[in-house]
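**Q** 3D model of this:
(chains A and B, ligands or ions: 3)
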Amino acid sequence: MHRTGENRMNATPVEESLREAAAGAIADGTVGVVIGYGHEAGSDVATPLFARTPEQARGLVFDATCVGNLAIYLPKPEVRALGRTGLVVKGCDLRAVNVLLREHVIEREDVFLIGVRCAGVCEPPLHKCTVCPVHDPSGCDVTLGDSVEQPTADASRANALVAEMEAKSIEERWEFWKRQMTKCVRCYACRQVCPLCYCKRCIVEKTTPQWVETSPHLRGNLAWNVVRAFHLTGRCVGCGECERVCPVDIPLGLLNQKMAGLMEQWFDFQSGLAPDEQAPFTTWDPNDPEEGIL
Amino acid sequence: MNDVSETKLYRLEADWLDAALGALERDGVEVLAPVKDEDGSVNLAPVTASSEVATDYLNALIPLKSVFMPRTEVLIEYERAGVGDVEVLPGAAPAGQRVVLGCRPCDARALVMLDSVFNWDYEDVPYRARRDSTTVVSWACMDPGPHCFCTSVGGSPHSAEGSDAVVYLAGSGPALLQVVTAKGAAFVESLGDRAQPAADGTALPEPPELETKFDTGEIKTWLDENFESELWEEVSLRCLGCGACSFLCPTCHCFDIVDESTWKHGERRRNWDSCAFCQFTQHASGHNPRPNQTTRCRQRVMHKFKYFPDRFEQVACVGCGRCAQNCGVGQNLVSILSRIQSEEKP
Ligand code: SF4
Ligand code: SF4
Ligand code: SF4
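**A** Ligands and ions are numbered 1, 2, ... in the order given. Next up, the predicted model:
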């Protein structure tokens, strides 16, 4: 009993090579499953496709609807039970994989990375795509697709949304966030979709004592969203998944972009650009000039 | 709720909405109607002027259940005066008289299911009080959306179940109103001369057609036999385990109870909960009878299409399509159910 992904007519050249690479890796036992994108009726964005046979890999697609970050599935025990994971990644998704590697949630040999060069997703392109530093994912086991020109980084464009918010008065900002945070229903879709929210037990689930109030009132919602933003500071890779899945459309990306901007300004650090990077908050170095709290 | 013995139809003048809002405000009745917020979502919210009301919307983002079962509510409050000296106060009194004006028929139909649960082995006092003090006037759907499947679960774009009255809007012109219950009749009275009995022979418009996607009877037959099936593992692989589908579902009604307190003062709150959460069935011992997403995904389908019908002879789904529309990974109840049906009928 299995579902074969819809074999869409007119596969593009990159889709042909993707299907071939995935089918090959499954057929020769390199991986037990390839997680990529498929199309399904009733969904505007491409849906995760778990291909466990070469035939199922025929359903893989790659186009502007492939928004999701599939790195979310790498740490899950039920996925690991399927054997070594093949994962289709765009550049931004690979940044999340890099953080999982650097934090030793997974090891490099656990995963077979099928990188796809990406010019941007969605129409009009997402903000992250207009400032993307990683159109060409590097360090994958195979990399597919035509090369994409990499524009030079433009920090002011990357920070444009945050700058717009910071131009407002503190009262206006408070009104804005109060309204946004009041909407939160505490569905935790933001956490569950985040490839870096892999804690086995999230702090909101710790009940003795209950550190963060679980009630969806303003106080509890603020506490929740601030805790999450803090725990992702220096780790968040800006994939934008949390904001995309939030059912009540809270602009969570703004919080992450603010924190990412500070990390760049203070530590000259962007998270997830390489698996062996030295992350400011999670690296212990005996030569650290700061005495810290000890 | 006494059902009005025969369906009564009224013709509403083009300015009926203004008349209704004016009359209800004078009587101190709060009106909740669909309102588009600054971010573009439509939700039921208090209104005082017809210009605030969104008439051409598909469905509210947050379902009607939130009016009767808010996402968070205070059940009791307590004050600690000294050691062993605690005063317990009742929670916030349920709202006064309210009219919901313009929910969708699927959401109103969901109230029939919630009523079954909240008046079952225990009568839920706050829920009951809010139901009693609220009149539900739905707007019949003329233009269902791509995710709608009400006709597959026993409903219709024009269903009157759960509504006190149903309004058939025709642009901003005169409308038709169908009275369903005594509360609906009282609502018509508040419209004064803006509502007149419809001419003899006036017929309700035909509901728009919707493709039937599956048969709940055949699905139930399969579910009765397939608590253990590979299908559950397969459909749950992609599930994120968040609560978006259950929180946006008009019939999902599970809740959690928490105490939130400072040194002297505390509140006992009831909050929405979801069977998709890993802690939903976690025991204090550490044992979890639903230890993985497979068992949790199965529960959601079983509860709606097997356990609920076993107990209340109705499925706990009204076909609003919110779960499919709002799932971050495109999990789709309709496709799962269609597949189950194809298993049943090889
Ligand atoms: S951020 Fe870059 S890699 Fe990611 S979707 Fe946009 S363009 Fe593609
Ligand atoms: S996804 Fe949105 S509504 Fe859900 S918990 Fe996160 S911020 Fe709140
Ligand atoms: S916090 Fe949001 S943007 Fe950052 S890595 Fe997690 S899902 Fe992606």
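
**Q** Can you list the buried residues in stretch B:215-226?
**A** Neighbour-count burial for stretch B:215-226, with 16 or more other CB atoms under 10 Å in any protein chain shown as criterion, is recorded at B:216, B:218-223, B:226. Every C-beta, even on glycine, is put in place using the N, C-alpha and C of the backbone.

**Q** Those residues in helices, which ones?
**A** Filtering these for membership in helices, criterion DSSP state H, returns B:216, B:218-223.

**Q** Pull out whichever of the residues you listed are also neighbours of chain A.
**A** Here nothing survives when these are matched to chain A using CB under 8 Å from any CB of the partner chain.

**Q** quick one: which two of the residues you listed are the most distant?
**A** B:T216 and B:W222 (10.8 Å; CB to CB).

**Q** ok, now how distant is the spatially closest residue to A:Y188 that is not a sequence neighbour from A:C140?
**A** Closest residue to A:Y188 apart from its sequence neighbours, by CB to CB, 6 or more residues apart in numbering or on different chains: B:C242 at 5.2 Å. Distance from B:C242 to A:C140, counting by CB to CB, to the nearest Å: 29 Å.

**Q** Comparing those two, which shows the higher neighbour count?
**A** More crowded of B:C242 and A:C140, by other CB atoms under 10 Å in any protein chain shown: B:C242, with 23 against 20.

**Q** Tell me the predicted confidence for the more buried one.
**A** In the predicted model, B:C242 carries a pLDDT score of 96.

**Q** Now for it: which residues touch it?
**A** With contacts defined as CB atoms under 8 Å, 6 or more residues apart in numbering or on different chains, the neighbours of B:C242 are A:187-189, A:191-193, A:245, B:274, B:276, B:328.

**Q** Low-confidence stretches in the stretch 1-150 of chain B?
**A** Flagging of the stretch 1-150 of chain B using pLDDT under 70 yields the residue ranges B:1-7.

**Q** Among the contacts of B:C242, which one sits closest to B:L61?
**A** Nearest to B:L61, judged by CB to CB, of the contacts of B:C242 is A:C187 at 12.1 Å.

**Q** Pull the contacting residues for that closest one.
**A** A:247, B:242-244, B:247, B:274.

**Q** hmm, 7 Å instead?
**A** A:247, B:242-244, B:247 (CB atoms under 7 Å, 6 or more residues apart in numbering or on different chains).

**Q** so which of the residues you listed comes closest to ligand 3?
**A** Distances from ligand 3 to these, taken as CB to the nearest ligand atom, are shortest for B:C242 (12.1 Å).

**Q** Mind telling me what element that closest one is part of?
**A** Mapping B:C242 onto the secondary structure by DSSP states H and E places it in no helix or strand at all.

**Q** ok, now A:C239?
**A** Assigned by DSSP H and E, A:C239 belongs to neither a helix nor a strand.

**Q** ditto for B:V99
**A** When secondary structure is defined by DSSP H and E, B:V99 falls within strand B:98-103.

**Q** Measure how the helix or strand just after that strand sits relative to strand B:98-103, angle-wise.
**A** Moving toward the C-terminus from strand B:98-103, the next helix or strand (DSSP H and E) is helix B:105-118. With axes from the mean of the first three to the mean of the last three CA atoms, to 10 degrees as the criterion, the two stretches helix B:105-118 and strand B:98-103 enclose an angle of 140 degrees.

**Q** Contacts for stretch B:220-232 next, please.
**A** Here stretch B:220-232 has contacts from A:1, B:294, B:297-298, B:302, B:305-306, B:309, B:340, B:343-344, using CB under 7 Å, 6+ apart.

**Q** wait, isn't B:S274 in contact with B:L248?
**A** No. Under the criterion of CB atoms under 7 Å, B:S274 is not in contact with B:L248, lying 10.4 Å apart.
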